[in-house]
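Enquirer: after the sequence you'll find the predicted model.
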Amino acid sequence: MLDQQFFNAPEFKDYLTSTFVMIHADRENELGRSLFEKFAIRSTPTVLLLNADGEEVDRVVGYGPPAAEYRTALEKACTGDQTLLALRTAHRENPGDLLTTARLARKYETQYRAGEMAPLVQALIDGGEASAAITLPYGEDNADVSALEYAAFMQLFEKPELIQNTLAEYPESVMTGTAYGRLERLMRREATRDEYFGVAEALLEDRPDDPALLAAFIRASARTGQQTERAVELADHLTSLESYEPDSHLNPEMARLYVKAGMEDKALAVYGEAYIAPHMDDSQMLNGYAWFWALEEKNLDHALAAITRAVELDPQDDNLLDTMSMVQWMMGDHEAAIATEEKALEMTGGQNTDYQERIQKIRDDMNRAATGDNAQ
Amino acid sequence: MRKRLTLLALLALFTAAACTQQPPSLWFEGETLDAALVQAKAGEKLVLIDFYAPT
């Protein structure tokens, strides 16, 4: 999407060519592989900026439209006193300056560099009252958070056993979501699952109506297949709260949970026609919706209506046709599914191996159906 | 006559060259990071590396 909407967009071409020497790095060639390794790139897309001396100026991790905002983010990453390079230099010159320490820690956090963040977080904890007197903006609303509070939540990456203590100390913090995010990951990890489902239960005793905590438990359960009965109970509770609002990340997970528990009516109540109705002009939401129901092999008529609308909105997106083909296949319309997938394949110049494989699978399935052999 | 033919041939060559010439690529086509850094220094630019996963 970054390529399509930003790098290949004519309106940014002059800016890009006049400001940068640009390298396209993927793992499929030697230079790309060596760069992924050299800069320890953990996720894509990541855009990394180097000065002519090879020093990392900053990096921008992830992409979300609009592209014009991405350009602004890129410009901010190039110059000024808040770039990674500027903060590292300031910290090297004055390591005791807690404001710089907090800003650099925050920079590493946004770039998912927990290892480099950890010693800075410890320095802020050690700073005690001096850290408590410093504030930095946090979250979408740029709420003021003290550097000590920030560090307390950030240390959960290294010391997750402190989740309960930290939440007890800062019960109303704007950073509680960070603790819940950590908790959810630990509930999803097999080695720590039992312990942290227990921690979540203990927290729910004090915070039974906390939507973010309920959501963390439900998502972890839906992803792992653990604690399904309890998660269904919590999902029922969450959707009955006055504060409940549909959420594009949570509702599909709740639906998955309900389907798993054999409660299709409840799945459709949280992620059915009523949910998707306000999003009929959003091709990506429609795509996610149709793909979800294709995989569940339920609600297929409406999934087809949704993906048909998405293709009308964005006819050049091969992903949408891929989803439409999947829905058609699950509906048993093999010929339509093959024709649609072939169209998607054609859009990629015949190069997409996933689409090629899917066409073959649909053909095999069609042949099996024709010979009366239902084995997959 | 001969001179005229030569001019026509040259004109055809230029036309062919103009038709086949591609616009300069947005992306660096060298093989090493060092080469990109040298180019950045010469042009007073930054090196931008786009790490992506091909779909």
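Expert: Arrived safely, thanks for sending. Residues are numbered from 1 along each chain as shown, chains lettered A, B, ... in the order given.
Enquirer: what helix or strand is the spatially closest residue to A:Ala261 that is not a sequence neighbour on?
Expert: The shortest distance from A:Ala261 to any non-neighbouring residue, by C-beta to C-beta, 6 or more residues apart in numbering or on different chains, is to A:Val232 (5.1 Å). Quick note: C-beta positions are derived from backbone N, CA and C, even for glycine. Under the assignment given by DSSP states H and E, the secondary-structure element containing A:Val232 is helix A:228-240.
Enquirer: close to chain A: what parts of chain B are there?
Expert: Those residues of chain B that sit near chain A, judged by C-beta under 8 Å from any C-beta of the partner chain, are B:26-28, B:31-33, B:36-37, B:39-41, B:43-55.
Enquirer: how about 7 Å then?
Expert: Proximity of chain B to chain A, by C-beta under 7 Å from any C-beta of the partner chain, involves residues B:26-28, B:31-33, B:36-37, B:39-41, B:43, B:45-54.
Enquirer: what sits against the residue nearest to A:Ala261?
Expert: The neighbours of A:Val232, taking C-beta atoms under 7 Å, 6 or more residues apart in numbering or on different chains as the test, are A:257-258, A:261.
Enquirer: distance check, A:Thr79 against chain B.
Expert: The span separating A:Thr79 from chain B equals 10 Å under the rule C-beta to the nearest C-beta, to the nearest Å.
Enquirer: double-check that B:Ile49 belongs to a strand.
Expert: Yes - per DSSP: H, G, I helix; E, B strand; the rest coil, B:Ile49 lies within a strand segment.
Enquirer: how about it, what does it touch?
Expert: Applying C-beta under 7 Å, 6+ apart, the residues contacting B:Ile49 are A:23, A:25, A:35, A:48.
Enquirer: and if we set it to 8 Å?
Expert: The neighbours of B:Ile49, taking C-beta atoms under 8 Å, 6 or more residues apart in numbering or on different chains as the test, are A:22-23, A:25, A:35, A:39, A:47-50.
Enquirer: spatially nearest residue to the closest residue to chain B within the stretch 251-376 of chain A (excluding sequence neighbours)?
Expert: Closest contact between the stretch 251-376 of chain A and chain B, by C-beta to the nearest C-beta, is at A:Asn352 (7.4 Å). Take A:Asn352 and drop its neighbours on the chain: the residue closest to it by C-beta to C-beta, 6+ apart is A:Leu345, 5.9 Å away.
Enquirer: that neighbour sits in which helix or strand?
Expert: helix A:334-347.
Enquirer: show me what that helix is packed against.
Expert: helix A:318-330, helix A:353-371 (3 or more C-beta pairs under 8 Å, 6 or more residues apart in numbering or on different chains; DSSP states H and E).
Enquirer: no more questions from me, cheers.
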